[in-house]
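1. pasting the structure only:
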């Protein structure tokens with residue numbers, strides 16, 4: 001188990017009621033080492049103000065969330081998605097975020113296979129722009145329950161296939177235990193990801209039993225059925241030595257005192273990560 005929280009990163013969406021300036025101050029005071037900033041948190045204060053806040057904070061920016069949503073039956077919409085992602089890359093660069101996390105998208109009016117082709121094409125089209133701005137792109141596979149509109153990349157194996165087909169150092173993968181814990185091929189796919197040098201991020205939380213909402217009822221580590229320490233051991237064995245990013249969407253936790261919630265995050269991280 002982690003003995004300190006220097007490698008703990010918290011996504012700004014996790015403590016959604018806090019503005020970016022408050023979150024940075026609270027995380028820093030608690031000794032949290034990193035933050036992954038969601039676009040809404042940066043937009044709420046403005047990009048220039050957000051840049052000034054992160055430059056003045058000891059908390060390291062780990063990633064910017066979230067680009068993607070490439071597939072569409074309309075060619076015009078696919079081009080707009082590229083423009084939207086370029087804007088996200090610009091914003092990530094402004095904040096000094098080294099990684100833009102991609103929720104890749106899906107189009108229910110076409111096959112998943114066609115959506116995956118469009119995802120790969122979209123990512124490939126962004127590589128020169130992202131490279132110029134020093135921002136890497138992290139493919140995040142999502143749980144199959146989101147295969148309708150959120151992502152046609154639903155297993156780490158599928159993410160590995162896309163990343164390996166692209167084969168560019170600008171493109172890697174974000175492993176999120178919430179989306180992947182159920183996969184009986186997970187250990188070997190994490191190893192494969194590490195062997196290719198494609199493991200760029202690691203997100204943690206827990207799957208509550210029973211869960212009351214498939215999107216907004218994530219749990220603290222140790223609160224549900226995911227063996228986070230085991231998956232972290234696979235990730236570390238694959239060569240990953242980056243931050244452990246706590247990403248929790250929860251109406252329950254957003255409704256509580258966020259100082260108390262932060263204390264619970266740190267305790268759960270130390271005991272169950």
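-> Thanks, I have it. Fair warning: this is a prediction, and the values are worked out from it, not measured in the lab.
2. Report the secondary structure state of residue 173.
-> With DSSP: H, G, I helix; E, B strand; the rest coil as the basis, residue 173 sits in strand.
3. meant to ask about residue 9, not that
-> Here residue 9 is strand, with the state taken from three-state DSSP.
4. what do you get for the one 4 residues further on?
-> Three-state call for residue 13 (three-state DSSP): coil.
5. Next, count neighbours for it.
-> Using other C-beta atoms under 10 Å, residue 13 has 20 other residues around it. Yep, even glycine has a C-beta here, placed from its N, CA and C like the rest.
6. Same question for residue 272.
-> Neighbours around residue 272, by other C-beta under 10 Å: 19.
7. Can you tell me how far it is from residue 251?
-> 22 Å (C-beta to C-beta, to the nearest Å).
8. and residue 161, how far is that from residue 152?
-> 12 Å.
9. now residue 256
-> Computed as C-beta to C-beta, the residue 256 to residue 152 distance reads 35 Å.
10. quick one on the thing from earlier: quick one, which of residue 161 and residue 152 is more surrounded?
-> Shown here are residue 161 and residue 152; by other C-beta under 10 Å, residue 152 has more neighbours (28 against 15).
11. wait, that one sits on residue 103?
-> No: counting by C-beta atoms under 8 Å, residue 103 is not a contact partner of residue 152; they are 10.8 Å apart.
12. Can you report how many residues lie near residue 29?
-> The number of residues packed near residue 29 is 11, by other C-beta under 10 Å.
13. Tell me which other helices or strands the host helix or strand of it touches.
-> Under the criterion DSSP states H and E, the helix or strand holding residue 29 is helix 20-30. Using 3 or more C-beta pairs under 8 Å, 6 or more residues apart in numbering; DSSP states H and E, the elements in contact with helix 20-30 are strand 34-38, helix 39-45, helix 47-56, helix 258-272.
14. which one of those lies closest to residue 122?
-> The closest of the helices and strands packed on helix 20-30 to residue 122 is helix 39-45. By C-beta to C-beta, the value is 17.9 Å.
15. Buried residues of that closest one, list them for me.
-> Under the neighbour-count criterion of 16 or more other C-beta atoms under 10 Å, helix 39-45 has 39, 41, 42 buried.
16. Quick check: which ranges of the chain have low pLDDT?
-> Along the chain, segments meeting pLDDT under 70 span 1-3.
17. Do you have the strands of it handy? List them.
-> With strands called from DSSP state E, the chain shows them at 8-11, 34-38, 60-68, 99-103, 136-139, 171-176, 199-204, 206-207, 218-219, 244-246.
18. ok, residues contacting the second one?
-> Judged by C-beta atoms under 8 Å, 6 or more residues apart in numbering, the contacts made with strand 34-38 from elsewhere in the structure are 7-13, 20, 23-24, 27, 50, 54, 59-66, 95, 97, 101, 243, 245, 247.
19. Please apply the same query to the third one.
-> Under the criterion C-beta under 8 Å, 6+ apart, residues 9, 11, 13, 33-39, 42, 54, 84-85, 88-89, 91-92, 95-105, 119, 135, 137-138, 140, 151, 174, 201, 242-243, 245 lie in contact with strand 60-68.
20. Tell me how far the residue nearest the centre of the chain lies from residue 6.
-> Central residue of the chain (C-alpha atoms, centre = their mean): residue 101, 5.2 Å from the mean position. Using C-beta to C-beta, residue 101 is found at 22 Å from residue 6.
21. got it, and residue 18?
-> 21 Å.
22. ok, the two, which is more surrounded?
-> Taking neighbours as other C-beta under 10 Å, residue 18 and residue 6 compare with residue 18 leading, 20 against 12.
23. wait, isn't the more buried one in contact with residue 258?
-> Yes: the pair residue 18 / residue 258 is scored as a contact, 5.6 Å apart, by C-beta under 8 Å.
24. Quick check: neighbours shared by those two?
-> In contact with both residue 18 and residue 258: residue 26, using C-beta under 8 Å, 6+ apart.
25. circling back to that earlier point, got a quick ChimeraX command for the buried subset of the contacts of strand 60-68?
-> Filtering those down to the buried ones (16+ other C-beta under 10 Å) takes a single ChimeraX command:
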select :9,11,13,33,34,35,36,37,38,39,42,54,85,88,89,91,92,95,97,98,99,100,101,102,103,104,105,119,135,137,138,140,151,174,201,242,243,245
